[in-house]
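Colleague: Build the 3D model from these lines:
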Amino acid sequence: MNATPNLPASEPAAPQPRRRKAWRPEADAEVAALLRRLAATCWLIRGRHDDLIAAVRRNEPGLRSAVARLGWVLIVERDLVRLRKSPPPRPREWAAAGPSPAACSWFFLLLAAAESMPPRTALGHLVVQGHAAAAEAGLPTHHDIAERRAILAALHMLDDRGVVECLDGDLDRYLHDDQAPVLLAVHHTRLAYVIANPGTLDPAADPHAWLQQAHREPDASRRMRRALVDDTCVHTALLDDAEAQWLSQRVRGDDGGPLAAAFGLVLERRVEGAAFVVPDEAYRHLNELGPIPFPATGTVAHAALLLLDHAALHGTTDNGPGPGWRGLPEKDVVHALTSFGADNAAGRGGWSAEYVQDPLLLTDKVRGLLTGLHLVQSAPADPPADAADACMWWFAPTTGRWAQESPARPKPARTRTKPAPKPRELPLQQDLFTTADTDRTTEEHPA
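Modeller: Have a look, this model is predicted:
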């Protein structure tokens, strides 16, 4: 019997690093449409969205695969679909366009009251318990018309989410009658789904730490994916090192490009940043693109569009956040909007008199619109020339996506020689974009 010779023990081979598996979702038009709808409408309620709930059930695996890349949680029940999303990427700017602080406070006060209410209750009983919850929390109550408006706004928010539904009566009657005959249904099982990121801390013991935990996302890749899905665009100049590295190396790989395809969107990458663009054939109405469509109709949107052109021509590039950003002192913004209002005040289709007579109010509304779209960033001037120049409006390079109207040109005289080709009209600041680093040029819509 042959014996096996004793061989010297060899060192174990070093483990090979595991390669990250590429994520390649299957292209599915129905899944993409559902993902876009859920990103904008996070609650689907039986009786209102029955067809959508059935579609979610048919495509549940594909939906879960996509939302998992964002760290979101999809809840699918018999009578409810709830997408628990992360907080918005720029909470301060998003809050400016959201409900008032008073309405948000009453939203949670009424939620706390609803927990102890029976499944069927009168509106007046719920509001009384809400006042009791406010007293327990040490919050003042005034019982005036402003408080009634905040309570009514909170009731509509609860009804929109199907947490506290109106079964009979009219919620709006509460504004003038606190004993309005309105029957409500309280869905206690849905109360647990209101907080999208409950975390592990006790909000009563340390509310500030709980809020920080709810907003914090340490993973740069996940932060960038969420920003591309939830925000209009991301700007390279506003990213930290880890986020900029992701945008440079992984936005077209298994993180950015496939995620855009899963939502039925198109990745547009430029030196100044990136965006998920909605193709024209993917929507029918502007409200399907998100809460702030732009360009749009109305005085504020028209004023914002004129201001973008004004900043492109008269803005400064000194001390800006990055290449392509143009700045205007706030006093110049107010002056420009005042001038625009004077030019558009008269005649049919003129601007609203409220805004023409109050340029500061118009300035505030335009600021809210453009910052909500991530097209403007307000920052202290460096250094401020005087108190009036203490705030600078910095207009992002993406504000050059809307072409300036060209003046009418006389027709050239006919000649026998072949005319020179007409130069292609470019949007404002088009030279600031590097076309070599562009997948495609498409009109940009907020997702």
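
Colleague: And the helices in the stretch 301-447 of the chain?
Modeller: Secondary structure of the stretch 301-447 of the chain by DSSP state H, counting those that start in this stretch: the helices cover 330-344, 353-357, 359-372.

Colleague: Tell me which stretches of this structure form strands.
Modeller: 43-45, 73-76, 80-84, 120-122, 164-168, 183-186, 234-235, 266-270, 273-277, 326-329, 376-380, 391-395 (DSSP state E).

Colleague: about what we covered before: please name whichever of the helices of the stretch 301-447 of the chain is nearest to Thr299.
Modeller: helix 353-357 (5.1 Å; CB to CB). For every residue, glycine as well, the C-beta is placed using N, CA and C.

Colleague: Make a markdown table from the strands of the chain and add mean neighbour count to it.
Modeller: As requested, those are arranged in a markdown table below (neighbours: other CB atoms under 10 Å):
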| stretch | mean neighbour count |
| --- | --- |
| strand 43-45 | 21 |
| strand 73-76 | 16 |
| strand 80-84 | 22 |
| strand 120-122 | 15 |
| strand 164-168 | 15 |
| strand 183-186 | 18 |
| strand 234-235 | 24 |
| strand 266-270 | 19 |
| strand 273-277 | 25 |
| strand 326-329 | 22 |
| strand 376-380 | 17 |
| strand 391-395 | 22 |
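
Colleague: Which of those strands comes out lowest on mean pLDDT?
Modeller: Note on the strands of the chain: strand 376-380 shows the lowest mean pLDDT, a mean of 87.

Colleague: Pass me the low-pLDDT residue ranges in the chain, would you?
Modeller: Filtered on pLDDT under 70, the chain yields the residue ranges 1-27, 254, 286-289, 382-389, 401-447.

Colleague: Please, where are all the helices along the stretch 51-200 of the chain?
Modeller: So, for the stretch 51-200 of the chain - with DSSP H, counting those that start in this stretch - the helices run 60-68, 91-96, 101-114, 123-137, 145-160.

Colleague: would JSON lines of those helices with distance to Pro279 be doable?
Modeller: JSON lines is the format used below for the helices of the stretch 51-200 of the chain (distance: least, CB to CB, whole Å):
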{"stretch": "helix 60-68", "distance to Pro279": "18"}
{"stretch": "helix 91-96", "distance to Pro279": "25"}
{"stretch": "helix 101-114", "distance to Pro279": "35"}
{"stretch": "helix 123-137", "distance to Pro279": "44"}
{"stretch": "helix 145-160", "distance to Pro279": "29"}
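
Colleague: Which one, of the ones you listed, ends up nearest to Ala214?
Modeller: Ala214 lies closest to helix 91-96 among the helices of the stretch 51-200 of the chain, at 10.2 Å (CB to CB).

Colleague: Now do the closest one: distance to the chain's middle.
Modeller: 9 Å (CA atoms, centre = their mean, to the nearest Å).

Colleague: For that helix, name the packing helices and strands.
Modeller: helix 359-372 (3 or more CB pairs under 8 Å, 6 or more residues apart in numbering; DSSP states H and E).
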